[in-house]
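Asks: Predicted model follows, preceded by the sequence.
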Amino acid sequence: MNSKITLISVLFLLLSGIFSGAHAQSMLDTPMSVQADKKPLGSILGVMEQKGNFRFAYYSKLVAKDSLVSIHADESTIKEVLDQLLKNRYEYKESKGFIILRYAPLELALVLEKNSVVGDYQVVNGYIMDVQANKRIENASVYERNALQSTLTDKEGFFELKLKNIPQSIELTVVKENYKTITTIFLSEIKIQMGARKSNEDYLDGDFSAVERSGIGRFFISSRQKIQSLNLGGLISEVPVQASLIPSLSTRGMMNSQINSSFSLNLLGGYTGGVRGLEMAGLYNINRMNVHALQMAGLFNTVGGSVKGVQLAGIYNNVFGDLNGLQMSGIHNSVKGSQIGLQMSGIYNHVQMDAKGIQMAAIYNNVNGTQNGLQISGIYNAGHQKVRGMQIAALNYAKELDGVQIGLVNITGSPSGYSFGLLNFKKDGYQKFSVTRNEISDINLAIKTGDNKLYIILMAGKSERSDEEKLTSFGFGLGKNIPLANRLNYNPEISIQYLYLGNWDRYNFVYKFDSPFTFRIFKGVALSAGPSFNLYCSERRDKNSPDINNSTFVENRTKRYNVIRDNGNAITGWVGWSFGLTLF
């Protein structure tokens, strides 16, 4: 009776494999003709991509694209063509329009020693051999595709798997770096169920080892897990739910780094392949690949691939790929790729490549690529390529500005854009220092920074004579440099200045429009002179207190120039002048 069941099961597996292959032909089985004589390997692979409407994915260091090869293949399968081109030193995996080339010049063999029932478990053990060297191999990954359980071989090449509730044939796959993958299928001794096997397995192209090489990865991920990830590469399996206490204690054991789940719960912390849905952790989440989800952790989230969705962490979020969504953390957000969306942190945001959206931080925002959008921080914003949008901080830097900077100090390496601040430094911009005299101040000092279309003025003045009151003034303004001739420029300027006349109980303001002409004598030195129009307003802070010091300094200095007299409204206007030197 048992032999009959075994025979029927074997026949069923053979027939189901035939019919499933008839319905879904592999790209590698597609016929193709390729003719080439001493042409670069890279160009031949490009021709195959065009003919087959797919793309090759491979590590450029392991494929000599410039090597000259010859091939004459008529209606051969793509696999046969690749075997000829690559001399059987690679193996091939398919993934959604891609054929992935994996360097694997060596071959493995699985020797099965035991496949029996022990209690509630099916125990499978054996050892893995290097075919060419005829020796046992350490740290080869052995995993069962249906149960998603795995282990590594020991120093003697030995492995053992305890599989529970296996409802179908056992499918053992052996993978190790630089070796061709092998798969062995045999029948479970527990139970055989008829029906087609469903594969929730895929293979993603890319190097997902960056997270393991990071400081967090070196601390939290064990060496056995790293070896497992190195062997299995981009292999990914879909499951609805996974749970972990810590990375080494989880529902899928070491296979967790190859698992993509819809719901991931890590009580303390976990290390998984990726998430499409929701991931929660008491302390931390670490993902090798991509996260399309809401991800929350008490301390930090680290993702080796890209993120589409929301990351929330108490301290730190880190994405090695791209971010499309929202990052929020208490201290630091980092994106190694590009960002589209919003970053908010208590201290520091960083994007290694381009950013499109908003960065908000208490201290520092940084974009190494092009920044499109808004940066707001309390201390410093930096855009190391072109900045399109707005920067608001105490100090702003943009290598090339095509937008607006607002801050105390603004620096840009281009003459374009607009900078509003106390000091504005631009490449080929307008940076001047002037010493002038006018009708109310014997000496005025001004720093003018910006560009020809708009510069900011910081100014201070002094007048101190023995026969009259003393004057101290300070203020700021805006100006524009208009070239008129080779050495002649016109500089319209508006400003507001506070005048201190010995008594802080009065508001004394001058609103000034200057229109000096500047003539360059030689490089770095120019004479400036021109008329001005002024409005003067003086009011007591507390109008109920007596006016014990009503200064007449401004009235005495400007009465000959008055055009608007004070008729009880505390406003006086006059036409004035200025004359001086402009340096640099």
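Replies: Nice, I can see it.
Asks: got a list of what residue 218 touches?
Replies: residue 212 (Cβ atoms under 8 Å, 6 or more residues apart in numbering). (Each C-beta comes from the backbone N, C-alpha and C, glycine too.)
Asks: for residue 251, same thing?
Replies: Shown in contact with residue 251 (Cβ under 8 Å, 6+ apart): 241, 242, 243, 244.
Asks: Go ahead and confirm the last one touches residue 259.
Replies: This points to residue 244. No: the pair residue 244 / residue 259 is not scored as a contact, 10.2 Å apart, by Cβ atoms under 8 Å.
Asks: who touches both of the two?
Replies: residue 272.
Asks: ok, and what's touching stretch 436-445?
Replies: Against stretch 436-445 from outside (Cβ under 8 Å, 6+ apart): 433-435, 446, 459-465, 471, 473, 499, 510, 528, 532, 553-554, 557-558, 561, 574, 576-581.
Asks: my bad, stretch 66-77
Replies: 28-42, 44, 80-81, 84-85.
Asks: Buried ones among those?
Replies: Neighbour counting with 16 or more other Cβ atoms under 10 Å marks 28, 32, 34, 36, 41, 44, 81, 84, 85 as buried within these.
Asks: ok, back up a step: of the contacts of stretch 436-445, buried ones?
Replies: Buried, going by 16+ other Cβ under 10 Å: 434, 446, 459, 461, 463, 471, 473, 499, 510, 528, 532, 553-554, 557-558, 561, 574, 576, 578, 580, out of the contacts of stretch 436-445.
Asks: So for stretch 175-184, first residue to last residue, what's the gap.
Replies: End-to-end distance for stretch 175-184: 12 Å, by Cα to Cα, to the nearest Å.
Asks: Would you pull up how far that stretch lies from the middle of the chain?
Replies: Here stretch 175-184 shows a centroid-to-chain-centroid distance of 34 Å under the convention Cα atoms, centre = their mean, to the nearest Å.
Asks: how about the helices in the stretch 1-150 of the chain?
Replies: 2-23, 41-52, 78-86 (DSSP state H, counting those that start in this stretch).
Asks: rank those helices by pLDDT, which is bottom?
Replies: Looking at the helices of the stretch 1-150 of the chain, the lowest mean pLDDT belongs to helix 2-23 (a mean of 41).
Asks: For residue 58, grab phi and psi.
Replies: Per-residue torsions, residue 58: phi -160, psi 160 (degrees, to the nearest 10).
Asks: ok, it to residue 402 distance?
Replies: For residue 58, the distance to residue 402 (Cβ to Cβ, to the nearest Å) stands at 38 Å.
Asks: quick one: stretch 411-431 to chain centroid distance?
Replies: Worked out by Cα atoms, centre = their mean, stretch 411-431 lies 27 Å from the chain centre.
Asks: What of stretch 324-334?
Replies: On Cα atoms, centre = their mean, the centre of stretch 324-334 falls 10 Å from the chain's centre.
Asks: List the buried residues of that stretch.
Replies: For stretch 324-334, by 16+ other Cβ under 10 Å, it's 324, 325, 326, 327, 328, 329, 331, 332, 333, 334.
Asks: so how far does that stretch reach from one end to the other?
Replies: Using Cα to Cα, the end-to-end distance of stretch 324-334 comes to 13 Å.
Asks: For the protein, give me the ranges with low pLDDT.
Replies: 1-25, 61, 165-168, 187-201, 205-206, 541-549, 568 (pLDDT under 70).
Asks: Centre of the protein to the edge, which residue is at the far end?
Replies: Distance to the chain centre peaks in the chain at residue 467, reaching 66.2 Å (criterion: Cα atoms, centre = their mean).
Asks: for that residue, helix, strand, or coil?
Replies: The three-state label given to residue 467 by DSSP: H, G, I helix; E, B strand; the rest coil is coil.
Asks: got the phi/psi numbers for it?
Replies: Here is the backbone geometry of residue 467 (degrees, to the nearest 10): phi -100, psi 10.
Asks: need the contact list for it.
Replies: Listed by Cβ under 8 Å, 6+ apart, residue 467 has no contact partners.
Asks: And residue 420, by the same measure?
Replies: Residue 420 sits next to 404, 405, 406, 407, 410, 456 when contact means Cβ under 8 Å, 6+ apart.
Asks: ok, of these, which come out buried?
Replies: By 16+ other Cβ under 10 Å, those give 404, 405, 406, 407, 410, 456 as buried.
Asks: centroid residue for this protein?
Replies: residue 335 (2.8 Å).
Asks: burial measure for the closest residue to residue 423 other than its chain neighbours, as a count.
Replies: Closest residue to residue 423 apart from its sequence neighbours, by Cβ to Cβ, 6 or more residues apart in numbering: residue 409 at 4.7 Å. Neighbours of residue 409 under the rule other Cβ atoms under 10 Å: 18.
Asks: how close does residue 409 sit to residue 481?
Replies: Counting by Cβ to Cβ, the gap from residue 409 to residue 481 is 20 Å.
Asks: tell me which residues in the longest strand along the chain are buried?
Replies: Longest strand in the chain by number of residues (criterion: DSSP state E): strand 525-540. Neighbour counts over strand 525-540 (16+ other Cβ under 10 Å) mark 526, 528, 530, 532, 533, 534, 536, 538 as buried.
Asks: what's the answer for stretch 210-230, then?
Replies: Quick answer for stretch 210-230 (16+ other Cβ under 10 Å): 210, 211, 212, 214, 217, 220, 221, 225, 226, 227, 228, 229.
Asks: And stretch 50-63, by the same measure?
Replies: In stretch 50-63, counting by 16+ other Cβ under 10 Å, buried: 52, 54, 56, 57, 58, 63.
Asks: Over to that stretch now: how far is its first residue from its last?
Replies: So stretch 50-63: terminal residues 19 Å apart, Cα to Cα.
Asks: What lies in contact with that stretch?
Replies: 27, 30, 32, 41, 45, 48-49, 78, 86, 95, 97-103, 205, 207.
Asks: ok, back up a step: could I get the contacts of residue 251 in TSV, plus columns for neighbour count, distance to residue 318 and secondary structure?
Replies: Output for these, formatted as TSV (neighbours: other Cβ atoms under 10 Å; distance: Cβ to Cβ, whole Å; DSSP: H, G, I helix; E, B strand; the rest coil):
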residue	neighbour count	distance to residue 318	secondary structure
241	12	25	strand
242	24	21	strand
243	16	23	strand
244	23	19	strand
